[in-house]
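Novice: Sharing a model that was predicted from the sequence below.
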Amino acid sequence: MLALLLELTLGTGYAIMGAGIGAGLVALGAGLGIGRIGGSAMESIARQPEAGGQIQTAMIIASALIEGVALFGVVVCLLISFIR
């Protein structure tokens, strides 16, 4: 009985730890992706200022899509931690 309880406790701990690590990786990846988009957009606007409006619009849309995927990933990781 004690072995089963210990196994369930360790399994739950691993699931929560894995979910936390996964959520952190998702947030890190999203931050790096949005940073790259912003840097590339600023470089593009510096090279071609007349296209600044179109570049900024595309940058905001891409950043919003990345942020949505990151939020979805964090929610999935949190749901995994609550399943057990």
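Specialist: Received it, and whenever you're ready, just let me know what you need.
Novice: from the chain's centre, how far out does the longest helix along the chain sit?
Specialist: Among the segments of the chain that qualify as a helix by DSSP state H, the longest is helix 2-47. With Cα atoms, centre = their mean, to the nearest Å as the basis, helix 2-47 stands 6 Å off its chain's centre.
Novice: Make 200 the starting number, not 1.
Specialist: Will do, 200 is the new start, and the previous item becomes helix 201-246.
Novice: From the contact counts, what lies against that helix?
Specialist: helix 251-282 (3 or more Cβ pairs under 8 Å, 6 or more residues apart in numbering; DSSP states H and E). All C-beta atoms are positioned from the backbone trio N, CA, C, and that covers glycine.
Novice: Packing partners of the helix it packs on?
Specialist: Here helix 251-282 touches helix 201-246, going by 3+ Cβ pairs under 8 Å, 6+ apart.
Novice: Can you check what angle separates the helix it packs on from helix 251-282?
Specialist: Going by axes from the mean of the first three to the mean of the last three Cα atoms, to 10 degrees, helix 201-246 is angled at 180 degrees with respect to helix 251-282.
Novice: OK, contacts around Gly217?
Specialist: Ile279 (Cβ atoms under 8 Å, 6 or more residues apart in numbering).
Novice: pLDDT wise, what is it at?
Specialist: With respect to pLDDT, Gly217 scores 85.
Novice: Nice, that's everything, thank you.
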